[in-house]
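1. dropping the sequence and predicted coords here.
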Number of protein chains: 2
Amino acid sequence: MSNAYNRPDQLSPELRRRVLETARRLGYPGPDPVARSLRTRKAGAVGLLLTENLSYAFRDPAAISFLEGLALACEDAGQGLHLVPANPEREDITAVHRAGVDGFVVYSVPDDDPHLAAVLERPVPTVVADQPNLANVDRVGIDDRSAMGQLADHLIELGHRRVGVVCMRLSRNRNDDFASVERQRAAHFHVQRARLAGLAASFDAAKVDWSSVPVVERFDHTIASGASAAAQLLDRDPQITALVCTSDILALGALEEAKRRGLRVPQDLSVTGFDGVPAAGPAGLTTVRQPMLEKGRAAGKLLVEGTEPGRPRVVTLDTELVLGGTTAKPHNVEERWFGP
Amino acid sequence: MSNAYNRPDQLSPELRRRVLETARRLGYPGPDPVARSLRTRKAGAVGLLLTENLSYAFRDPAAISFLEGLALACEDAGQGLHLVPANPEREDITAVHRAGVDGFVVYSVPDDDPHLAAVLERPVPTVVADQPNLANVDRVGIDDRSAMGQLADHLIELGHRRVGVVCMRLSRNRNDDFASVERQRAAHFHVQRARLAGLAASFDAAKVDWSSVPVVERFDHTIASGASAAAQLLDRDPQITALVCTSDILALGALEEAKRRGLRVPQDLSVTGFDGVPAAGPAGLTTVRQPMLEKGRAAGKLLVEGTEPGRPRVVTLDTELVLGGTTAKPHNVEERWFGP
DNA sequence: AATTGGTTCTGAAACGTTACGGTTACCCGA
DNA sequence: TCGGGTAACCGTAACGTTTCAGAACCAATT
């Protein structure tokens, strides 16, 4: 009987000593955590689902910050953090079923992801981050739509009317090409859909027909992707005065491509990002800063604090428009003042 | 009977359908992963122990790379990655006991860490990284001593004789101050001890009495720590011509401090790092590049491939001396040629 | 001396699964 | 018609823990 380990007060010191002594003599390695979990119905760990190769979590600065916050919340609660290996390519859902956790945090997965469905079917609390309104699921995020709208308004005020957009993947199937308005509207990634919608609303309001604005999509979220997307846009329309990117990583790639072409930023081309990752500061990027660390921490807190069966709790964090040195008036704006 | 879920071949499609149907009707959420783990004696997850606040793993670039590699190995094997919350300040060992994992990777903990002891007592395979020779434990690392020796030789060749050293914490107790030779020798962090030993050997061989070389220790591994340590050294001896830092992070801090003082690098002061983190490239840092990602991947592979009970396996990875723009001859080296 | 109260100890049940062996049912050839 | 073999099905034990009820014990009170 291993009350000796957990309830030292329930038995006499003498017996405890004797039990522990014989246990050691018999080579007893201490209570088995899995059996304990089975009995107590507590795994002592929070599961994290992200629909990317696991290692992606350590490659994307925004994801890293989110994880840092989540880890903070977990260690405050004495919980482990169990990263679930959910390969996006394969629809192999078993990892979700195998994870012995007390709850899940789901970060930025498409709304039609089978892994997400599997998580929701499990009888454990779940918190989603950067995710659309899911019936009866706690959620933390930002107002992507209005934040991106603000950024668009900034560009519009500067005088930009001919812009190109670089966005992250919109769906689970790869499309490294232009994205039609229908595809934008049908995007399965809430964050991307909302940001594009914010842009569309602002530009439409400024009498720029959104359907004429080229939007290029990239499946991989890397600087190289941002660069190639920028190239694709500038090849299509060299008259573009601003590139709006839905993430800082993509924007950093766009900056690289601009440099390669000898385009001066912001004189010849304005570039904007989104997220406010550490590397955005040195680059002077105009972007929307969002509190990724707080987002992760909030998600973790929501989960470990336990969810009462009432209506789902929603945490919406503030964002901040950061005006850097990568945006300015387009150089042909004066001409336009005196134009026809 | 939930053979229906796992052994579709053992029963007729008809029965399977019927079982699954009633299961759904009864609201059966699928096999419980913890009970399954208990029965099969497999948790499907790898535990990671690092003796820092969990969130540290996402703040230190070197740790991030290690984790990325580890995550790669885990997802290849379809294993989860369970981050164990081991608070270094508190000796609370329970998290190690509660973790339902099939094995542990232990990364860069002091050799007297109670968490490490707890891991080794558990009857699961263990791989340590950046750790000293542990009897019968698989291990992956680099030759810190000779790599640092090479770096020291480079400085010595350039003519540096009066140097200062900034190192990471040497022990679990905080000492943000000079570290005596005894303290260096008794360091509980293998990596730091080996690097200092490498420096000592090289400088001693160059007839620079190691005990006269000031070594400043910092508990927190941050850029700010590196800066304040550099300041402490330069305050003590403004004649120092080179600062050797045992990590790139600390070296980046030293560069900041040099700039603050108006010291030109490398003309007035040489600075070296260790690790080869991404930020070292842009900074032009002279450093030792080590394959952190590979290290993590190797550790993961060793673990999931299973350890045969023979002698422990040891993987030693190669390092590369990277000569950047932060080292040069000390400006008084010519004088010395014609000196007494 | 018997009842009460409290403490320490012991035994058995339950957590939910999988592995395994036994039983039934069925089909085919003799 | 019967025997043998295979496929499908079913029941039970075991994984190692915790919990909880009750037994045993001792001391103190009536």
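-> On my side now, so go ahead.

2. next, the distance between the ends of stretch A:37-50.
-> This stretch, stretch A:37-50, spans 24 Å end to end (C-alpha to C-alpha, to the nearest Å).

3. gap between the residue nearest to the spatial centre of chain A and DNA strand C?
-> Most central in chain A under C-alpha atoms, centre = their mean is A:Ser108, positioned 4.7 Å from the mean C-alpha point. When C-beta to the nearest atom of the strand, to the nearest Å is the yardstick, A:Ser108 and DNA strand C sit 30 Å from each other. In short, each C-beta sits where N, CA and C put it, glycine included.

4. ok, that residue - contacts?
-> Contact analysis of A:Ser108 by C-beta atoms under 8 Å, 6 or more residues apart in numbering or on different chains lists A:Leu50, A:Thr51, A:Ala63, A:Ala129, A:Asp130, A:Gln131, A:Phe189, A:Val191.

5. try 6 Å this time
-> By C-beta atoms under 6 Å, 6 or more residues apart in numbering or on different chains, the contact list for A:Ser108 reads A:Asp130.

6. skipping its backbone neighbours, what lies nearest the residue in the stretch 101-250 of chain A positioned nearest to DNA strand C in space?
-> Proximity of the stretch 101-250 of chain A to DNA strand C (C-beta to the nearest atom of the strand) peaks at A:Pro123, 9.4 Å away. Nearest-residue entry for A:Pro123: B:Pro29, 4.6 Å, with adjacent residues in sequence omitted and distances by C-beta to C-beta, 6 or more residues apart in numbering or on different chains.

7. surely the one you found forms part of a strand?
-> No: B:Pro29 is assigned coil when assessed by DSSP: H, G, I helix; E, B strand; the rest coil, not a strand.

8. neighbours around it, how many?
-> Look at B:Pro29: counted by other C-beta atoms under 10 Å in any protein chain shown, it has 13 neighbours.

9. need phi/psi at it.
-> According to degrees, to the nearest 10, the main-chain angles of B:Pro29 amount to phi -80, psi 10.

10. so what are the sheet partners of the helix or strand harbouring A:Val165 and their directions?
-> Using DSSP states H and E, A:Val165 maps to strand A:163-167. For strand A:163-167, the pairing partners within the sheet under DSSP bridges are strand A:215-217 (parallel), strand A:242-245 (parallel).

11. in TSV, list those along with mean pLDDT and mean neighbour count.
-> Below are the strands paired with strand A:163-167 laid out as TSV (pLDDT from 0 to 100; neighbours: other C-beta atoms under 10 Å in any protein chain shown):
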stretch	mean pLDDT	mean neighbour count
strand A:215-217	98	26
strand A:242-245	98	29
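
12. let me have these in JSON lines, extended by distance to B:His331.
-> Shown next, in JSON lines, are the strands paired with strand A:163-167 (distance: least, C-beta to C-beta, whole Å):
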{"stretch": "strand A:215-217", "distance to B:His331": "52"}
{"stretch": "strand A:242-245", "distance to B:His331": "45"}
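
13. does A:Ala231 count as helix, strand or coil?
-> helix.

14. that one reaches A:Glu257, doesn't it?
-> Yes: the criterion here is C-beta atoms under 6 Å, and A:Ala231 meets it with A:Glu257 at 5.2 Å.

15. the two: who's more crowded?
-> Higher neighbour count among A:Ala231 and A:Glu257: A:Glu257, with 24 against 18, using other C-beta under 10 Å.

16. C-alpha coordinates for the strand holding A:Val165, CSV please?
-> C-alpha atoms of strand A:163-167 as CSV (Å, rounded to 0.1, in the frame of the first residue of the first chain):
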residue,chain,number,x,y,z
VAL,A,163,-2.2,47.4,-53.4
GLY,A,164,-1.3,43.7,-53.3
VAL,A,165,-2.0,41.3,-50.5
VAL,A,166,0.1,38.4,-49.3
CYS,A,167,-1.7,36.0,-47.0
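
17. okay, buried residues for it please.
-> Of all the residues in strand A:163-167, those buried under the rule 16 or more other C-beta atoms under 10 Å in any protein chain shown are A:Val163, A:Gly164, A:Val165, A:Val166, A:Cys167.

18. buried set for the following helix or strand past it?
-> The helix or strand immediately downstream of strand A:163-167 is helix A:181-185, counting by DSSP H and E. Residues A:Arg183, A:Gln184 are the ones in helix A:181-185 that count as buried (16+ other C-beta under 10 Å).
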